[in-house]
Structures are given as structure tokens and as C-alpha cells.
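Asker: Take this sequence and fold it.
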Amino acid sequence: MKFCKNINKWKITKEFLIQEYTQNKKSLPQIAEEIGMPYESLFWYKKKFGMSSHSASFWGKGRRNSPQTEFKKGIIPWNKGKIGWIVPWNKGRQLTVNHKKKVSIETKKAMARPEIKEKVQMTQFRRGLVPWNKGKKNVYSSETINQIREARLRQIFPKKSTNAELILFEILNELNLNFSKHKSIKTICQADAFVEPNIVLFADGDYWHSNPMFYPKPTTEAQIKNKARDETENNKLIKEGYLVIRFWEFDLINNKNKCKGIIKKLIQNG
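Answerer: The predicted model follows:
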């Protein structure tokens, strides 16, 4: 397009601005410099034609990043495979009382905001909400139930071995026995330790499994459930031909040699 310049007047049309500004993606300062026109005048024309400004994403769409900053294929990051190079600034640091109070106040302020409340309500499990399958029977097929049991037994609970379990493993190592840790026994239970071919060992916590020395009767819901489950598992394992030994946490910690002798005697009697 040819421009006619006559006493600081340019013939600017809407079609020209659409072509240069929108289609060719030229900025107004760039167009003004090319045609020798003041930027302010060109901006006035744009406003006159009712043309809106473009967002930042419009200008970057379809363009590649600068070769100097673009990640190039085949380049290996300097920290790939390296562990411990970057340590979090707050690792191992204890927050002061004032800092904790400040964090608490700011958290409460954030939680009071309507948009945050709405997000929390959408994702948080509400109190009093009853699961859809609670108390219902025959919801899953027997095949699905077995799959769920097997998947759960393959998980290790807890993720780290307890002190009682560590002592049990130490005893087995001292006896030079080959054993498996946290091995699932069919769909019955997960043994703390298993010695081939049929010896199942447990290291029961005094509180959680209700050691009668300290808890003559189970009192909490967890103790009642665990005690009933232990008895059920014992009966099932014995019916399947397994030898079951349960050691209390107190005995493993305070009477290690006695526990070691029980296992040794059982292995010898075979």
C-alpha cells in the first residue's frame, strides 16, 4: 500500500490496520516507524476504528523461543541424576513460636476467604457423610473382593518396621534363617516374618493388640478390632497348616533370648 503524506495527514484505513496489526502481527510503534507517522496519531486511528488491543498470548502464539534460552534437544540437564545438590532452605530448622503464630493467623485468614472455603468444601470429606457402601452387602463380587484383599496384603503396614519387628528380624538373622519380611499369606493376612515352609511370625504391639499384662481387657475400638482379627487370622492359618507364633512387644524388648529360644526349638522340632 502506498501512503500519501500531505501536511502531516495520512490516509489510514481500517483494512490497513487490520492487515498490519492483526494479520502481520506488527506492533503500533513498529507500524508508525515504518510509515513515518507519530505513534499517538496511529493509536488515535486504532481507537477510532474500534479495534481492541491484543493480549500477550496473541503475540507469542506460533513463535519459537529465543535460541539462547530455548532448551535444545540432546542437552542433558546439569543436575540430572544428582542427589543432594539442592537442599531446602528450611530443612532441619525449627520454627519459632512467633513464626508459628504468624503462620496460623495467615492460614485462618486465607481459610476465611469465600473462594478458598468453596474449594475446600468441594475436596474435603465432610463430617457426617456416610459412605455409599456402608452397611451394604453383596456390593462387590467375590472375585473383586479377593482382588481387593490381595492388593491390600501386598502393601506394607506400616511403611517402616516397628521396633518390635526389627528385634524379631535381628533374632532370625542371628539364627541364620532365611525369611521374608511382611509377606502376604494367601488372602488371610500379612505376616511380619515368614520362614519356609510354614512358619508365620508376628511382633504384636502391646497397646494396639492389647497385651493382657497391661490391658486385661481391650478398651479402645482399635484394640477390640485388632484382637478379634488376630484370633480370626490364627484360626485360618492353623486350618491351612501354618505354625503361628505371636510375640509381644514387651517380650521381644525385655526377653529377647527367651523369644530366640522359642524360635530355635520350633525350627529344630521342624
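Asker: Please make it C-alpha for all contacts and neighbour counts, starting now.
Answerer: OK.
Asker: For this structure, which helix or strand comes out least confident on mean pLDDT?
Answerer: helix 56-60 (a mean of 69; mean pLDDT, DSSP states H and E).
Asker: Need the contact partners of whichever helix or strand comes after that one.
Answerer: Per DSSP states H and E, the first helix or strand lying C-terminal to helix 56-60 is helix 97-112. Helix 97-112 has contacts (CA atoms under 8 Å, 6 or more residues apart in numbering) with 116-117.
Asker: and helix 97-112, how far from the chain's centre?
Answerer: Averaging C-alpha positions (CA atoms, centre = their mean, to the nearest Å) puts helix 97-112 24 Å from its chain's average.
Asker: how about that helix as CSV, C-alpha atoms only?
Answerer: Output of helix 97-112 as CSV, limited to C-alpha atoms (Å, rounded to 0.1, in the frame of the first residue of the first chain):
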residue,chain,number,x,y,z
VAL,A,97,6.7,-19.7,68.5
ASN,A,98,6.1,-16.3,66.9
HIS,A,99,6.6,-17.6,63.4
LYS,A,100,4.1,-20.5,64.1
LYS,A,101,1.6,-18.0,65.4
LYS,A,102,2.0,-15.9,62.3
VAL,A,103,1.5,-18.9,60.0
SER,A,104,-1.6,-19.9,62.0
ILE,A,105,-3.1,-16.4,61.7
GLU,A,106,-2.4,-16.1,58.0
THR,A,107,-3.8,-19.6,57.4
LYS,A,108,-7.0,-18.7,59.2
LYS,A,109,-7.3,-15.5,57.2
ALA,A,110,-6.9,-17.5,54.0
MET,A,111,-9.4,-20.1,55.0
ALA,A,112,-12.0,-17.4,55.8
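Asker: Who are the packing partners of the next helix or strand after that helix?
Answerer: Scanning forward in sequence from helix 97-112 by DSSP H and E, the next helix or strand is helix 114-123. Using 3 or more CA pairs under 8 Å, 6 or more residues apart in numbering; DSSP states H and E as the contact test, no helix or strand touches helix 114-123.
Asker: just checking, next helix/strand downstream of helix 114-123?
Answerer: Using DSSP H and E, the first helix or strand after helix 114-123 is helix 142-154.
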